[in-house]
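Q: Sequence and predicted structure, then a few things I'm wondering about:
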Amino acid sequence: MKKRISSLLLAVFMAVGGASQAFAEEAAETVEKTGFAAFQAKLEAVLDVIDGFVWGIPTIILILLTGIVLTIRLRGVQFCKLGYGIKSLFKKNEGEKGELSPFQALCTALSATIGTGNIVGVATAIAAGGPGALFWMWFAALVGTATKYAECMLAVKYREHCEDGHVLGGPFYTIEKGMKEVTGFSWKWLAVLFAVFGVLAGLLGIGTMTQINGITSAVNDAFAAYKTNYAFELFGKGYSWATVISGLIVTLGVALVVIGGLRRISKVAEKVVPTMAVVYVFLGLSVLIMNATSIPGAFAVIFKNAFGFSAIAGGAAGWVFKQITDSMQKGIARGIFSNEAGLGSAPIAASAAKVEEPVEQGVVSMLGTFIDTIIVCTMTGLAIVIAFYTGPDASGVGDLKGVEITSAAFTRVLGGDGRSVQFLLMLCLVFFAFTTILGWDYYSEKCLEYLSNGNMTLVKVFRWIYIVAVFIGPYFTVNAVFQIADITNGLMAIPNCISLLVLSGVAAKETKKLFDKKDGLLK
């Protein structure tokens with residue numbers, strides 16, 4: 001089996017290497033003939049095609065179907081057991097096997113989920129798919145909460161306890177052990193694919209470049225007066241000192257924490273995540289309270305756009321299907337990018353929790369999706385819709401991109417010169433994205449540990465490669481970065497969702513067994 005896995009990995013890397021060489025030759029020719037800007041446009045066009053394929057209708061149906069099936073089979077666990085999840089959050093399980101408390105495991109998972117997706121991702125979803133994208137983010141989150149519960153619960157059930165005391169778990173073991181238990185066949189190859197995609201997602205997409213890119217963009221906007229003070233020029237584009245210095249500081253901070261491993265990551269996460277979440281929620285509530293009369297109109301715009309009613313009213317019925325699918329695609333893709341339900345990342349952190357009953361960590365972990373999307377993303381989305389899509393000045397986001405959209409929206413609805421709002425947004429985004437970088441390093445390391453059969457030397461080398469990826473992240477375009485993140489996310493979600501559908505009966509049985517006990521924990 002090990003030889004087959006090695007051969008598969010070698011084939012993948014050779015294929016990627018061959019494709020990379022061909023692409024590099026063509027890229028060099030394009031840059032030489034037409035300049036870097038044209039090459040960049042071509043790269044984004046290629047990524048857009050791949051993104052559209054990965055996040056096409058089949059993937060959207062798979063993710064939604066997984067959430068709907070689990071919601072039904074688990075009897076709406078995300079609605080009726082939410083209170084139990086909150087009660088279990090601070091339960092002490094000192095005698096149980098594991099490395100983290102349930103609260104630390106949740107914070108580690110939230111450190112990876114609450115990031116640029118909540119501030120930048122929502123903005124790019126609305127810019128690309130219209131206000132209706134926010135509705136599909138909500139829908140994906142509601143059914144995705146059942147998905148998050150099941151994937152985290154199963155990760156605890158099938159986790160491995162290593163000889164040195166640490167635990168290793170996640171979709172790779174759920175796929176390898178769980179699917180073989182149910183079907184009788186080996187699905188190791190699918191587990192390997194998930195782990196490979198997990199490493200790539202952390203290294204090239206959601207874990208490094210999107211986060212550092214969001215941080216440096218926010219800092220650059222906050223110090224707008226110094227934007228033209230270029231530190232250097234690369235491929236015809238100037239980079240300000242704000243971008244360079246903030247990128248270096250974050251890279252150094254990541255290096256100091258990442259080298260310390262899981263315990264240092266969890267210690268940072270449990271302090272930073274709750275603090276920054278409270279600050280951002282306070283800012284978001286201020287926006288909504290001061291514009292309470294505009295909220296009903298914002299909801300109306302969101303629902304009209306989500307189902308194509310605005311296109312019908314405008315006499316463009318032929319575009320209705322395109323409007324709906326665009327809103328669905330961008331809303332669901334960005335929703336998964338933000339809350340990671342179905343992606344298979346959070347189960348890796350959940351598997352390290354000190355719990356005996358898998359169901360206990362499942363109900364705690366599902367709180368992450370609720371906090372991330374239903375609370376934090378909603379505040380961002382409503383502020384953008386109120387600012388740009390309602391009232392007499394409704395004209396859309398125009399040429400604004402990324403964090404500029406959210407910053408402009410908060411400034412417009414709160415009034416004033418926007419400097420204080422911009423500074424607070426910058427702080428929130430910097431700390432959210434910083435902890436996301438840390439969380440995804442942990443996820444990628446665990447995927448690599450599974451692939452390498454516990455070769456910690458390889459994992460330590462990977463940490464330095466990860467730090468380098470953070471260092472170069474600021475010098476990629478926002479669109480290209482988010483496209484790469486979407487693609488790698490989608491590739492992770494596919495094998496994970498397949499396993500959840502196959503194991504939905506196991507999840508239902510485990511859940512029923514615990515909550516049906518006569519001396520059950522709810523009584």
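A: Alright, I've got the coordinates.
Q: Low-confidence stretches in the stretch 251-400 of the chain?
A: The model of the stretch 251-400 of the chain has pLDDT under 70 over residues 261-263, 308-326, 329, 334, 337-338, 394.
Q: which stretches of the stretch 101-250 of the chain form strands?
A: Taking DSSP state E, counting those that start in this stretch as the criterion, the stretch 101-250 of the chain contains strands spanning 160-161, 167-168, 230-234, 237-240.
Q: pLDDT below threshold where in the stretch 51-200 of the chain?
A: 89-100, 102, 108-113, 115-117, 164-165.
Q: can you give me the helices in it?
A: Per DSSP state H, counting those that start in this stretch, the stretch 51-200 of the chain carries helices over the ranges 57-73, 77-80, 82-88, 102-113, 116, 122-129, 132-157, 171-173, 179-183, 188-204.
Q: which one of those is the most hemmed in?
A: The highest mean neighbour count among the helices of the stretch 51-200 of the chain, using mean count of other Cβ atoms under 10 Å, belongs to helix 116: a mean of 31. Just so you know, the C-beta spots here come from the backbone N, C-alpha and C atoms, and that holds for glycine as well.
Q: average pLDDT for stretch 449-467?
A: What stretch 449-467 shows for mean pLDDT is 91.
Q: Okay, buried residues for that stretch please.
A: 449-451, 459, 462-463, 466-467 (16 or more other Cβ atoms under 10 Å).
Q: what residues does it touch?
A: Contact with stretch 449-467 is made by 2, 5, 9, 162, 168, 170, 172-173, 191-192, 195-196, 199, 202-203, 207-208, 251, 254-255, 258-259, 441, 444-445, 448, as judged by Cβ atoms under 8 Å, 6 or more residues apart in numbering.
Q: Report the distance from that stretch to the chain centre.
A: How far stretch 449-467 lies from its chain's middle: 22 Å, per Cα atoms, centre = their mean, to the nearest Å.
Q: Dihedrals phi and psi, A353?
A: For A353, the backbone dihedrals (degrees, to the nearest 10) come out as phi -70, psi 150.
Q: need the contact list for G202.
A: Counted by Cβ under 8 Å, 6+ apart, G202 has contacts 208, 440-441, 443-444, 447, 466.
Q: What pLDDT does the model give the spatially closest residue to it that is not a sequence neighbour?
A: For G202, ignoring the flanking residues on the chain, the nearest one in space by Cβ to Cβ, 6 or more residues apart in numbering is S444 at 3.1 Å. Predicted confidence (pLDDT) for S444: 92.
Q: burial of S444, as a residue count?
A: When neighbours are defined as other Cβ atoms under 10 Å, S444 has 27 of them.
Q: How about G368?
A: A count of nearby residues for G368, using other Cβ under 10 Å, gives 27.
Q: residue ranges of the helices in the stretch 201-350 of the chain, please?
A: 209-222, 241-258, 262-290, 295-306, 309-313, 320-339, 346-350.
Q: For V376, which of these is the nearest?
A: helix 262-290 (6.4 Å; Cβ to Cβ).
Q: tell me the angle of the closest one relative to helix 295-306?
A: On the basis of axes from the mean of the first three to the mean of the last three Cα atoms, to 10 degrees, helix 262-290 is oriented at 110 degrees to helix 295-306.
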